[in-house]
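In: fold the following, please.
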Amino acid sequence: MASNFGIAVDRTSDVYVLKLEGDFDATSAYELIYAIKKLPAEAAKIAIHTSGLKNIYPFGIDVFHRFMRSLNGRSAKIVFTGHRVSQLSVGNARATS
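Out: Numbers count the residues shown, from 1 in each chain. Just a heads-up that it's a prediction; the model follows:
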């Protein structure tokens, strides 16, 4: 894992916000996947905030995109926000700056 990667999880009513910080590599992608899987199934929306990311490595993106594709449409409740949104969002997940 990138030694400077971290995820802060905040909850506002039925929205879970995952704020990403540091470098995003393959191990960081697995950490993000684990954080998403730990959230309650009844979460109405998950917002992944990307502005805190520094370096984003291609293999990390590949790992994360494979996970997102495996959700088979259930990713509709995931929204990407922040300055690095175009690098992390994929497929049917929504992206907002």
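In: now the residue of the chain positioned farthest from its centre: phi and psi?
Out: For the chain, the C-alpha farthest from the mean C-alpha position belongs to Ser13; by CA atoms, centre = their mean, that distance is 19.1 Å. Per-residue torsions, Ser13: phi 50, psi -110 (degrees, to the nearest 10).
In: separation between it and Phe59?
Out: Taken as CB to CB, to the nearest Å, the spacing of Ser13 relative to Phe59 amounts to 35 Å. Bear in mind the C-beta positions are built from the backbone N, C-alpha and C, glycine included.
In: I'd like the next helix or strand past the helix or strand where Phe80 lies.
Out: Element membership of Phe80, judged by DSSP states H and E, is strand 78-81. Once the chain leaves strand 78-81, the next helix or strand it forms, by DSSP H and E, is helix 85-88.
In: and the strands in this protein?
Out: 6-12, 15-24, 45-56, 78-81, 94-95 (DSSP state E).
In: report the buried residues of the second one.
Out: When neighbours are counted by 16 or more other CB atoms under 10 Å, the buried residues of strand 15-24 are found to be Tyr16, Val17, Leu18, Lys19, Leu20, Glu21, Gly22, Asp23, Phe24.
In: give me the number of residues near Ser89?
Out: By the criterion of other CB atoms under 10 Å, Ser89 has 22 neighbours.
In: these two touch, right, it and Phe80?
Out: Yes - at 4.1 Å, Ser89 and Phe80 qualify as touching, with contact defined as CB atoms under 8 Å.
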